[in-house]
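Visitor: only geometry, no sequence info:
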Ligand code: SAH
């Protein structure tokens, strides 16, 4: 497919990049090729791209005969993207590019994929995402994980380190546990700031997430588990008894301590020392100990 024909006139000067939208456009062709290799899209496979920007990844995906659903929030990019990737009206090729105009974090993906576009799922996600919304993007992908097979995402190295962290350390937190219980994560490769225009201040990493059909450990009540993670890691230097006191308002401190010990938890343990499996078991215990009147 000759996709480069419209590309010559498609240039955005670095000074026009919008900082508030996390615009750092990929320039390094070697990195683009490595992303596509890691994603390994099959011909005809549907791929979601969050923030196509100028469309460099989009072009590489289309060249592999993937079908791309691109979600872009920047109005100034809508027309150039449409011009670059829309087929001429007399083309006999099937339409393989859809631009969804808007904020990815506000999209109802079930409606878009299953009703509006009538896609057969699961689809793959391939994106160099806006770094300032990496965490909400990840939790949104987890929320809609039934729609996805895998995600290949460029993000800032510091966030990648948190995702790959082991229990006990400084980087282990809500992101590690919240994402790690639903995905296998392949550490991919590191990317230097100079690969982008304008260059970000930090190093980046492309990670590959495989969504598990079932969470790694059975989560009885996902909402309660999410709330417990938030409570534990927002007081990560405290002993676990403290955040639990704020949740189990029906019980006195001593009563919670007794129950924790009986269930095999040390009340003075720090949140970051609990493995994901222990956190899930703790959430189950909290669910049993709580009364309806509690802040659950
Ligand atoms: N993928 C392109 C651009 C990366 S920069 C490349 O690699 O060159 C991040 C892109 O995400 C920008 O195009 C920005 O406009 C877009 N973006 C920022 N916030 C967004 C949101 N909430 N929803 C969809 N796109 C968003």
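Guide: Structure received. Keep in mind the model is a prediction, meaning the values are calculated, not measured.
Visitor: Get me the contact residues on the stretch 1-150 of the chain for the ligand.
Guide: Proximity of the stretch 1-150 of the chain to the ligand is confined to 21-26, 50-54, 56-57, 71-74, 103-105, 128, 130, 133 under the rule CB under 6 Å from any ligand atom. In this view, the C-beta of every residue, glycine as well, is placed from N, C-alpha and C.
Visitor: List buried residues within the residues you listed.
Guide: Burial by neighbour count, 16 or more other CB atoms under 10 Å: within these this picks out 21-26, 50-54, 56-57, 71-74, 104, 128, 130, 133.
Visitor: quick one: secondary structure of the residue located most distally from the centre of the chain?
Guide: Distance to the chain centre peaks in the chain at residue 254, reaching 39.4 Å (criterion: CA atoms, centre = their mean). Taking DSSP: H, G, I helix; E, B strand; the rest coil as the rule, one finds residue 254 in the helix state.
Visitor: From the ligand, how far off is it?
Guide: Look at residue 254 and the ligand: by CB to the nearest ligand atom, to the nearest Å, they are 47 Å apart.
Visitor: Could you check how far that residue is from residue 261?
Guide: Between residue 254 and residue 261 the distance, using CB to CB, to the nearest Å, works out to 11 Å.
Visitor: what do you get for residue 177?
Guide: From residue 177 across to residue 261, the span is 23 Å (CB to CB).
Visitor: Then residue 62?
Guide: Residue 62 sits at a distance of 59 Å from residue 261 (criterion: CB to CB).
Visitor: So which bits of whatever helix or strand residue 150 lives in are buried?
Guide: Residue 150 is located in strand 148-156, with elements delineated by DSSP states H and E. If you call a residue buried by 16+ other CB under 10 Å, then strand 148-156 has these buried ones: 148, 150-156.
Visitor: Equivalent analysis for stretch 166-179, please.
Guide: Neighbour-count burial for stretch 166-179 [16+ other CB under 10 Å]: 167, 171-179.
Visitor: try stretch 243-258
Guide: Under the neighbour-count criterion of 16+ other CB under 10 Å, stretch 243-258 has 243-245, 247-248, 251, 256-257 buried.
Visitor: Which ones among those residues lie within helices?
Guide: Counting by DSSP state H, the part of those found in helices is 243-245, 247, 256-257.
Visitor: related to what we said a few turns ago, among residue 62 and residue 261, which residue is more densely surrounded?
Guide: In terms of neighbours (other CB atoms under 10 Å), residue 62 is the more surrounded of residue 62 and residue 261; the figures are 20 against 11.
Visitor: thought the more buried one was touching residue 96?
Guide: Yes - counting by CB atoms under 8 Å, residue 62 touches residue 96, with 6.2 Å between them.
Visitor: Need the residues touching each of these two.
Guide: Common contacts of residue 62 and residue 96, defined by CB atoms under 8 Å, 6 or more residues apart in numbering, comprise residue 68.
Visitor: now, which of the buried residues of stretch 166-179 sits nearest residue 218?
Guide: When these are compared for distance to residue 218 (CB to CB), residue 177 wins out at 14.8 Å.
Visitor: picking up where we left off before, can you put the ones in helices among the buried residues of stretch 243-258 in CSV and add pLDDT?
Guide: Putting those into CSV (pLDDT from 0 to 100) gives the following:
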residue, pLDDT
243, 93
244, 95
245, 93
247, 90
256, 96
257, 96
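Visitor: what about the residue nearest the centre of the chain, helix or strand, and which?
Guide: The centre of the chain sits closest to residue 138, judged by CA atoms, centre = their mean, with a distance of 2.1 Å. Assigned by DSSP H and E, residue 138 belongs to helix 134-143.
Visitor: quick check: angle from that helix to strand 148-156?
Guide: Angle of helix 134-143 versus strand 148-156, following axes from the mean of the first three to the mean of the last three CA atoms, to 10 degrees, is 170 degrees.
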